[in-house]
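> All I have is the shape, not the residue letters:
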């Protein structure tokens, strides 16, 4: 099933505008307004939308495009052009490699670890989960249940333990058993909380001190997130050197357009997207599919 | 980006000072800025368009007043419109005559339902109720454990059992009655608004519970989709209100405004931190300035206007700039500030200071002002007019009379003198450097001779001016970290001429 068919619901407001544009046989001021509105409704944001449309306007002038459908195609091509050619792989160059998962509360970090762990175990890797979310009640139990489903082992500390030491122990544990990969959970935190961001920076530092090496720091971002997503990405990058995004909950009616701004402005590539509730519903990010879904008409 | 919309408006509208009203061109320029600010705050596009129309209508017809500059005046219109949508009142929570009062929480995954459930339980408990938490989220692994752990911290019982969520809810209601709990809070599984099966399930839970309050738990960071989500839940559940979570971040929370406008339901509670105490009844007026990315400056201006008697303030300002400002004047200023609300709240309203002030709060607390008042009250009228007469024995008497230390008295007097000196320097600068002529004689009712002429208009004061005697210099330190704090105008407390 393609992302597009999974996402093809509840998108009337945006779809109506696009259908309107597509049906036009001339390109006028209203066309541009409706395109901008469609982008904004998809959470692309004013400044990114303006930049994209400015480029498309140039092309329309140069190519002599005259109908709405062609303009939409140009816009899609413009976005795909910006997303293409980016390395979206997850690095496993160390032994063990450590992937650190960070983000605000409730974005789906623990669930993402469960699914990504499942993918890596299915690919023949030996995977350890580090239960570094020692704050949220029952987060460790939740990760334990995911470890069972995914076929990974889990290393946990006591509730309230120092997350850095839990992650460090998990890396040592993985190294001692010759495991390939450590997926380290961290507590969700709002990026304005200085002390919690410092704690995260420490987790990142301490994780480098043992046998392994942090090869990815993945910011998990909820697709319903609005313009604050860009601020989040900036702050988490500052604290923990984010190397990639994972966009979750793309199976709702939200389109996750904020990742265009994050990738465009901060150069942080989207690596995976969560598209459903099942164990297999985490898939590599595909720019073409994402853009098609962004412009899904909602028929 | 739009940290200070007021400043932007002032720049845009600089040229029209002196005109009687705003013209269509200026209004359109301002409206474009407003649109971007609102969209950046995640207010829904449709709501932004409605707001733009209303603001256009008002701004075009509005006469420019002398008190506020055009930029401030437009901001005031915008704020009034936003506040109008949000509603002015905190939503009252009433209790069922036949307990338990049933509260149902629903929302998307990760919006914070489980934590909000426990926080609500804590809030009800703090208000003298005996809540029971019902864990009907049987989908997310360990959700019920999470609820039990949180409930354990606040000593509230939890009911849950395996099976299906609808029967858990039904059994929970029976359990609440059996245990004599007077509030039942039901946590449910996160679900997508577009998932018909799960939405039908939560509707069945609602049918069984017949909740008195159905709350949509909404993440303050939600983007344009918030409206779709709220509408979908409202169709199925008939929402009573929204619980806004994660408002402790820097998200502007425009989604909450959209939900209010589109679904017509208020925000009942807002969560402002991770601790279980960090949930409070929502004050709608505070969100409007937040959405615009401003401190609550407009409220500050309004309160100042209401509170300050014009003439009194003018007279004090005149004396301030002359350097004949007395401790009585100072005491009066302190009282005026206090009349505006607790000092901490007042400082929170100053743009940019809100964040900085937390550390300084201890220093700025009411007790210190009480002590300062005490000290001044223990002085004779002569000492208040001319603190220079205060010698060692007078200091000892004042300290004894006010129950304070001699060192505190000296400190107050010293700082007051410095402040007076500074004010006097600025008074000179104001009348010469800025070419302001003398305007009006003072009309104060205080002791001392009358008939001096001094400028009384707003005077730009560097951040230094924020330090009040006896209150330490925290305003100074805070203000310097603000990036672009601009200048603090003591004239902001005073009428503009």
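Arrived safely, thanks for sending. Bear in mind the structure is a predicted one, so any value in this text is a computation, not a measurement.
> show me where chain A has helices.
A:3-6, A:12-23, A:29-41, A:46-63, A:68-83, A:109-122, A:139-150, A:163-176, A:194-207, A:228-240, A:258-266, A:287-294 (DSSP state H).
> Distance to residue B:418, mean pLDDT and mean neighbour count added to those helices, as CSV?
(Each C-beta comes from the backbone N, C-alpha and C, glycine too.) Putting the helices of chain A into CSV (distance: least, Cβ to Cβ, whole Å; pLDDT from 0 to 100; neighbours: other Cβ atoms under 10 Å in any protein chain shown) gives the following:
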stretch, distance to residue B:418, mean pLDDT, mean neighbour count
helix A:3-6, 67, 40, 16
helix A:12-23, 60, 77, 18
helix A:29-41, 53, 92, 19
helix A:46-63, 46, 92, 16
helix A:68-83, 58, 93, 18
helix A:109-122, 53, 96, 23
helix A:139-150, 54, 94, 21
helix A:163-176, 48, 96, 22
helix A:194-207, 33, 96, 17
helix A:228-240, 40, 96, 22
helix A:258-266, 47, 95, 23
helix A:287-294, 61, 92, 20
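> Tabulate those helices in JSON lines, adding columns for distance to chain B.
Below are the helices of chain A laid out as JSON lines (distance: least, Cβ to the nearest Cβ, whole Å):
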{"stretch": "helix A:3-6", "distance to chain B": "11"}
{"stretch": "helix A:12-23", "distance to chain B": "8"}
{"stretch": "helix A:29-41", "distance to chain B": "5"}
{"stretch": "helix A:46-63", "distance to chain B": "5"}
{"stretch": "helix A:68-83", "distance to chain B": "17"}
{"stretch": "helix A:109-122", "distance to chain B": "8"}
{"stretch": "helix A:139-150", "distance to chain B": "4"}
{"stretch": "helix A:163-176", "distance to chain B": "14"}
{"stretch": "helix A:194-207", "distance to chain B": "8"}
{"stretch": "helix A:228-240", "distance to chain B": "4"}
{"stretch": "helix A:258-266", "distance to chain B": "7"}
{"stretch": "helix A:287-294", "distance to chain B": "13"}
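> Need those in a markdown table (columns: distance to residue B:169).
A markdown table is the format used below for the helices of chain A (distance: least, Cβ to Cβ, whole Å):
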| stretch | distance to residue B:169 |
| --- | --- |
| helix A:3-6 | 30 |
| helix A:12-23 | 32 |
| helix A:29-41 | 35 |
| helix A:46-63 | 43 |
| helix A:68-83 | 45 |
| helix A:109-122 | 24 |
| helix A:139-150 | 22 |
| helix A:163-176 | 35 |
| helix A:194-207 | 35 |
| helix A:228-240 | 33 |
| helix A:258-266 | 35 |
| helix A:287-294 | 35 |
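> Out of the ones you listed, which gets nearest to residue B:138?
Residue B:138 lies closest, by Cβ to Cβ, to one member of the helices of chain A: helix A:139-150, at 12.9 Å.
> What backbone torsions are found at the residue in the stretch 151-299 of chain A that chain B sits nearest to?
Closest contact between the stretch 151-299 of chain A and chain B, by Cβ to the nearest Cβ, is at residue A:226 (2.7 Å). When read as degrees, to the nearest 10, the backbone of residue A:226 gives phi -90, psi -140.
> Mind naming the longest helix for chain B?
The longest helix of chain B (DSSP H) is helix B:406-432.
> Check which helices and strands it is in contact with.
Counting by 3 or more Cβ pairs under 8 Å, 6 or more residues apart in numbering or on different chains; DSSP states H and E, the packing neighbours recorded for helix B:406-432 are helix B:310-322, helix B:366-377, helix B:392-402.
> Please list the residues outside the following helix or strand past the second one that contact it.
On the C-terminal side of helix B:366-377, the nearest following helix or strand under DSSP states H and E is helix B:381-385. Under the criterion Cβ atoms under 8 Å, 6 or more residues apart in numbering or on different chains, residues B:326, B:327, B:328, B:331, B:376, B:389, B:390, B:394, B:398, B:447, B:448 lie in contact with helix B:381-385.
> Kindly recompute the last result at 10 Å.
The contact list for helix B:381-385 (Cβ atoms under 10 Å, 6 or more residues apart in numbering or on different chains) reads B:324, B:326-331, B:376-377, B:379, B:389-390, B:394-395, B:397-398, B:413, B:446-448.
> Identify each buried residue in stretch B:160-177, please.
For stretch B:160-177, a neighbour-count test (16 or more other Cβ atoms under 10 Å in any protein chain shown) marks B:160, B:165, B:166, B:168, B:169, B:170, B:171, B:172, B:173, B:175, B:176 as buried.
> For that stretch, the averaged confidence score.
For stretch B:160-177, the mean pLDDT works out to 96.
> Need phi/psi at residue B:219.
Dihedral pair for residue B:219: phi -70, psi 130, per degrees, to the nearest 10.
> How about the one 5 residues further on?
The phi and psi torsions at residue B:224 (degrees, to the nearest 10) take the values phi -60, psi -20.
> what's the answer for residue B:129, then?
Torsion angles, degrees, to the nearest 10, at residue B:129: phi -100, psi 170.
> What pLDDT does the model give it?
96.
> circling back: got a list of what the closest residue to the residue of the stretch 151-299 of chain A closest to chain B other than its chain neighbours touches?
Leaving aside its sequence neighbours, residue A:226 sits nearest to residue B:223 (Cβ to Cβ, 6 or more residues apart in numbering or on different chains; 2.7 Å). When contacts are counted by Cβ under 10 Å, 6+ apart, residue B:223 touches A:40-45, A:222-229, A:254-258, B:39, B:42, B:44, B:251, B:254-255, B:258.
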